[in-house]
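>>> just coords:
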């Protein structure tokens, strides 16, 4: 990512109130460029805008019962660009679901709660720390 550009973050959730709340939290506490989508299909249709990270709801069936769920959306994102970090966000507090998301190459799994915004923000910081370390490691490896 070019350091002069803002971080572009996609927020994907079928709960309109939660989606707006997350958007306002990120706009208030960060300098990110935020785009919101109510379905996985809308997110996929806009993936060419090259988000730096995506926060994706696990279920995504509140608007359309036949809509892509979060795992299907995650798989589609990873098939288009495996480098986009996707943080799964869900009210499901079951370890099996978190493990399944990680098997599908999610960056992390965050349970929706009163502290989830802080955890999401920390995850995004970690994404860029890891990206920077990978870049530096590659730079050093190229010189050996």
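Yep, that arrived. Here the structure is a predicted model, which means the values were calculated and not measured.

>>> quick check: mean pLDDT across the helix or strand where residue 21 lies?
Assessed by DSSP states H and E, residue 21 sits inside helix 16-29. Averaged across helix 16-29, pLDDT comes to 95.

>>> contacts for it, please.
Outside helix 16-29, the residues within contact range by C-beta atoms under 8 Å, 6 or more residues apart in numbering are 9, 11, 13, 32, 34, 36, 38, 55, 112, 117, 120-121. Just so you know, the C-beta spots here come from the backbone N, C-alpha and C atoms, and that holds for glycine as well.

>>> what's the nearest residue to residue 57 if we skip its chain neighbours?
Nearest-residue entry for residue 57: residue 13, 4.1 Å, with adjacent residues in sequence omitted and distances by C-beta to C-beta, 6 or more residues apart in numbering.

>>> would you quantify the distance from the one you found to residue 31?
For residue 13, the distance to residue 31 (C-beta to C-beta, to the nearest Å) stands at 22 Å.

>>> who's more crowded, the two?
Under the neighbour definition other C-beta atoms under 10 Å, residue 13 and residue 31 were set side by side, and residue 13 has more, 27 against 8.

>>> where in this protein is pLDDT low?
1-4 (pLDDT under 70).

>>> where along this protein do the helices fall?
16-29, 40-45, 70-80, 95-103, 116-142 (DSSP state H).
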